[in-house]
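> what follows is a predicted protein model with its sequence.
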Amino acid sequence: MLSLFVDAGVALVCLSVSAYLYRYQTNNHENLTAPLSPAQGYILENQVTHARRLPVAAAHAFTYPTLSLLVSLNALEDNTLNLGRGWLFGYGGIWGRLVGLRASPYFADKTGADIRGKLDEVLRDRGFGCEGESRVLEDAWMMTMPSFLGFEGINPLTVYFGYKAAELWLIVLEIHNTFGETHVHVLEIGRNEDLPGSRPKGFDHQWTFLREFHVSPFNDRSGFYTVSIRSPTHSPIPSSTWTTHTSPRPAIRVHLHTSSLSSLDSTSIPGPLKLTALLRPTSTHPLTTSNLLYVLSRAPFTLLLSLPRILAQAWTLHYRKRLDAFLRPEPLPPPPTSTSPETHQSGGGIKWLSAGPLERYARRRVEAFLREQVEEQHVRITIAAADPALPDHVLLPSSPRRTTCSKGEDDNEDIPHLVITYLAPRFFTLLFTCPSAEHALLLGCDTEGLFKVSRRELFLSVFSSRTSPLSAPPPLPSPDLTPTQRLRNAAIPASILLRLPFRVPVRHPLDPCPSSLEGVKAALALRVLFVLEHVERWAFELVGARVVRGGEPWRKWERAGRVFEGGEAGQEVEELKEWGSVWREKE
């Protein structure tokens, strides 16, 4: 609370000073706006415009102002852009300063890594740069929204203009959604660009590529982006061609097209225009103390309003324009690391949601069980996450059964190998809450696509081998099931449970001894997970929110039942094929 009052007091002082500077600037505008030599930091006052065209019944448009910085990464990392000894603007933190930037929100979470280092790593992973180079880029402009008074709002788009030999080489789009996930697109100048005649007037480059990342709850993940870019007027690297009159005003235009219905391959040809977005600077100021205070005095709350504006527009689209919501899908796995300059990968996810306490607990239960199984069954198990920040977890038996081994040969090379690849930590809670391995495969692998296994029969063998009798086959219930197994069965609608010919073990393979402390913890965790599922449904009903029919989390077992009977698990609305959105008439 004390820090809040201190920050508020600081803000009042700064705004009072800025009011004086505003008057001073009016009379001495040219002197105050003369850029530093070299010009390596700017304040951009922007106008953002969004327009939705499809579905036609939900057409909507809005415009609002934003504030961003355009800074040289080299100068930022060297702290040469800090103002007021880092108190007015500084790099490395958000507290104790009016405006700030730090490395943590950008790219993947890596302790101690700076933005420049993380950007270089992203580029190397996608095949850019030469082996042995310490830096992939000579320098880069970074266009982003800073924090204000310690508040770090959502930063939907950060753009990096990367230079090599003082020439623009790469443009990196770092996209953030409201869930804390991050996706990047790396666009190389002169490579896979659209034809020059197709880009709009006033833009220098344009690319069209598949949409892969969930940003809006009112669109599915299909379609194409066409991104048009107006480059900065000059490089952040000092050169003899730089003049004091240069004012960089980079602009980004994004068009979202639906997938084409006229092509047999809907992922190859863009269809009708669905959404447009334009980010363009209306004024540019060199990053100086006086200019920063001047801009903040004119719009002191601009940096605090991004999330409220997003929520307000979401309310309009959902309740007034009647668009149903798609719940967040798990991010797509990133492309494999490329080392060839001919196989550059342009996009991919780089930041996933971290596991919650229940997911971490379920993971510990799964890993403890699998450590026992690799010894009992003498198998090799690899648990691979789609999140590139998480290394593969490999479980091996402690002693090989082979009596002879050639020199240099892996003792575990010829033993059965099970590879489990999962998209999100929710995989572990799904294993923990399903009554059997067969149920987990049907729901998590075949229906929701949450995980994949290299060998289904080996997966079933590993998770069904613990000494535990099976219950009577459906539809006959078994009175011998443990309380936690009865709880798992109760979570599946009876009409679905009786149609599935899966026999349920009396005791779940992941359950510890019920009378032990660990058994009590497991039972409690299971109950909390099921309660949270009900709370999620009640919350949607309470606020009158509508989920796309067939995509509701509480109907997952209905989807699984359709898949088991040879159907599909997808949404039940035909209009999805045309719009990528669902408009529902008022009932």
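Perfect, thanks for sending it. Numbers count the residues shown, from 1 in each chain.
> which secondary element of this protein has the worst mean pLDDT?
helix 29-32 (a mean of 41; mean pLDDT, DSSP states H and E).
> what's downstream of that one, the next helix or strand?
strand 41-52 (DSSP states H and E).
> that following strand - what's its average pLDDT?
What strand 41-52 shows for mean pLDDT is 97.
> so which bits of that strand are buried?
Neighbour-count burial for strand 41-52 flags 41, 42, 43, 44, 45, 46, 48, 50, 52 (criterion: 16 or more other CB atoms under 10 Å). Where C-beta positions appear, they are placed from N, C-alpha and C, glycine not excepted.
> what does stretch 368-382 give?
369, 370, 373, 374, 377, 379, 380, 381.
> could you pull out the strands for the stretch 451-587 of the chain?
Ranges of strands in the stretch 451-587 of the chain, per DSSP state E, counting those that start in this stretch, are 451-453.
> ramachandran coordinates for the closest residue to residue 454 other than its chain neighbours?
Excluding the flanking residues, the one nearest residue 454 by CB to CB, 6 or more residues apart in numbering is residue 419, at 4.0 Å. As for residue 419, its main-chain torsions (degrees, to the nearest 10) stand at phi -110, psi 120.
> repeat for residue 270
The phi/psi pair for residue 270 (degrees, to the nearest 10) is phi -60, psi 150.
> tell me the contacts of the spatially most central residue of the chain?
Taking CA atoms, centre = their mean, the centroid of the chain lies closest to residue 181, which sits 2.2 Å from it. Residues in contact with residue 181, defined by CB atoms under 8 Å, 6 or more residues apart in numbering, are 213, 214, 331, 349, 351, 352, 353.
> the third one and residue 182 touch, don't they?
The one in question is residue 331. No - counting by CB atoms under 8 Å, residue 182 is not a contact partner of residue 331; they are 9.0 Å apart.
> compare these two (neighbour count), which wins?
Taking other CB atoms under 10 Å, residue 331 and residue 182 do not tie; residue 331 has more neighbours (25 against 22).
> now the more buried one, nearest residue through space, not along the chain?
Using CB to CB, 6+ apart, the nearest residue to residue 331 is residue 349, at 4.1 Å.
> can you give me the helices for the stretch 1-150 of the chain?
2-27, 29-32, 73-77, 115-125 (DSSP state H, counting those that start in this stretch).
> what comes into contact with the last one?
When contacts are defined by CB under 8 Å, 6+ apart, helix 115-125 is touched by residues 73-74, 76-77, 101, 103, 106-108, 110, 113, 129, 135-137, 140, 142, 160, 162, 170, 172, 184, 186, 337-338, 345, 350, 388.
> now with 7 Å?
Helix 115-125 has contacts (CB atoms under 7 Å, 6 or more residues apart in numbering) with 73, 77, 103, 106-108, 110, 129, 135-137, 140, 142, 160, 170, 172, 184, 186, 337, 350.
> repeat that for stretch 387-402.
So stretch 387-402 is in contact with 108-109, 334, 350, 352, 370-371, 374-375, 378, 380-384, 411-412, going by CB under 7 Å, 6+ apart.
> do that again at 6 Å, thanks
108, 334, 352, 370, 374-375, 378, 380-384, 411-412 (CB atoms under 6 Å, 6 or more residues apart in numbering).
> and what of stretch 209-225?
175, 177, 183, 208, 254, 256-259, 270, 317, 323, 325-326, 328-329, 332, 347, 580-581.
> which ones among these lie within strands?
175, 183, 208, 254, 256, 257, 258, 259, 270, 347 (DSSP state E).
> contacting residues for the last one?
It refers to residue 347. 185, 212.
> need the buried residues of stretch 368-382 in JSON lines (columns: secondary structure, pLDDT and distance to residue 92).
JSON lines is the format used below for those (DSSP: H, G, I helix; E, B strand; the rest coil; pLDDT from 0 to 100; distance: CB to CB, whole Å):
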{"residue": "369", "secondary structure": "helix", "pLDDT": "96", "distance to residue 92": "43"}
{"residue": "370", "secondary structure": "helix", "pLDDT": "97", "distance to residue 92": "41"}
{"residue": "373", "secondary structure": "helix", "pLDDT": "95", "distance to residue 92": "46"}
{"residue": "374", "secondary structure": "helix", "pLDDT": "95", "distance to residue 92": "44"}
{"residue": "377", "secondary structure": "coil", "pLDDT": "93", "distance to residue 92": "51"}
{"residue": "379", "secondary structure": "coil", "pLDDT": "96", "distance to residue 92": "48"}
{"residue": "380", "secondary structure": "strand", "pLDDT": "96", "distance to residue 92": "44"}
{"residue": "381", "secondary structure": "strand", "pLDDT": "98", "distance to residue 92": "42"}
